[in-house]
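Q: Build me a model:
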Amino acid sequence: MASDLLRLTVLGSATPYASVDNPCSGYLVSSGATRVWMDAGSGTLAQLQRHVRLDEVDAIWISHLHADHSADLLTAYYAALYADIQLAAPIPLYGPPGIADRLAHFLTNGSMRSPVESAFAVHELADGHRVRVGALTMTSRAVAHGIPAFAVRIEAEGRSLVYSGDTAPCANLTQLAEDCDVLLCEAESAQAPAEGEQVHHTPEDAGDTADVSRAGRLIVTHVGRALTPDQAVARAAARFNGPVDYAAPGTTFSIG
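A: Just a heads-up that it's a prediction; the model follows:
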């Protein structure tokens with residue numbers, strides 16, 4: 001049935017801040033009745049509600065703690081505890097080490113620590129972390145972003161989606177993406193830095209990662225403001241022979 005397909009819905013893909021018509025990084029991944037909110041950048045909670053209520057989300061997965069991937073966890077906390085949402089239990093939250101205290105530091109307004117764990121059942125990611133969430137199996141790998149950061153492979157019924165999070169090209173991402181149906185890969189940088197550590201993909205890097213990993217399809221996302229989506233797609237397609245798309249906000253992709 002169509003509803004059982006693995007689906008990726010783009011809530012937003014802007015960086016480093018939301019634009020008028022594009023929130024920051026955030027995605028809804030679904031298969032059957034299972035729904036996972038993947039990254040929670042600024043503006044994505046509003047778009048999530050076009051598809052599912054917060055209390056209908058089975059889990060939240062966060063690649064890293066930069067605000068353009070995680071800031072809407074703060075407003076989700078207020079929604080979960082102090083508004084019209086009635087949680088049967090805290091929402092499972094998978095994120096980098098220290099995510100609970102990071103949220104609490106911002107949310108605490110008095111002498112008592114904010115009850116982050118009342119809204120979220122926090123599980124810290126580590127390299128190789130694997131969890132089953134409903135119909136989805138999620139495997140996380142550490143990637144190269146200068147801070148603790150993770151990519152994830154999501155599988156359901158023989159279909160596979162790999163999301164890079166934010167990262168420079170690295171072996172862990174390439175291995176995670178081997179033979180995946182779809183690679184959702186960031187392409188933030190117009191060019192690799194002449195000096196210093198690389199922490200993002202260029203579009204060419206995204207094409208190379210898709211090619212080496214033998215991905216079936218590449219979707220470029222998190223395209224930096226020095227590039228247009230069309231430029232990012234064309235530059236990635238010059239290095240990858242498979243289909244290349246852009247993660248336009250509001251688009252839903254069927255996987256496999």
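Q: so who does residue 87 touch?
A: 55, 80, 119 (Cβ atoms under 8 Å, 6 or more residues apart in numbering). In this view, the C-beta of every residue, glycine as well, is placed from N, C-alpha and C.
Q: oh, I was asking about residue 198
A: Counted by Cβ under 8 Å, 6+ apart, residue 198 has contacts 144, 168-169, 189, 192.
Q: ok but it is inside a strand, no?
A: No - counting by DSSP: H, G, I helix; E, B strand; the rest coil, residue 198 is located in no strand; its state is coil.
Q: Three-state assignment for residue 254, please.
A: strand.
Q: mind checking how far it is from residue 84?
A: Per Cβ to Cβ, to the nearest Å, residue 254 is found 32 Å from residue 84.
Q: Please apply the same query to residue 131.
A: To residue 84, residue 131 is 29 Å away according to Cβ to Cβ.
Q: more neighbours, the two?
A: Taking other Cβ atoms under 10 Å, residue 131 and residue 84 do not tie; residue 131 has more neighbours (16 against 8).
Q: So what pairs up with the more buried one in the strands?
A: Beta-bridge partners recorded for residue 131 (DSSP bridges): residue 138.
Q: From what I see, it and residue 125 are in contact.
A: No - using Cβ atoms under 8 Å, residue 131 is not in contact with residue 125; the gap is 9.4 Å.
Q: intersection of neighbour lists for the two?
A: Shared contacts of residue 131 and residue 125, counting by Cβ under 8 Å, 6+ apart, come down to residue 94.
Q: ok so, going back, just the buried ones among the contacts of residue 198, please.
A: Among the contacts of residue 198, those buried by neighbour count (16 or more other Cβ atoms under 10 Å) are 144, 168-169, 189.
Q: Good, wrapping up.
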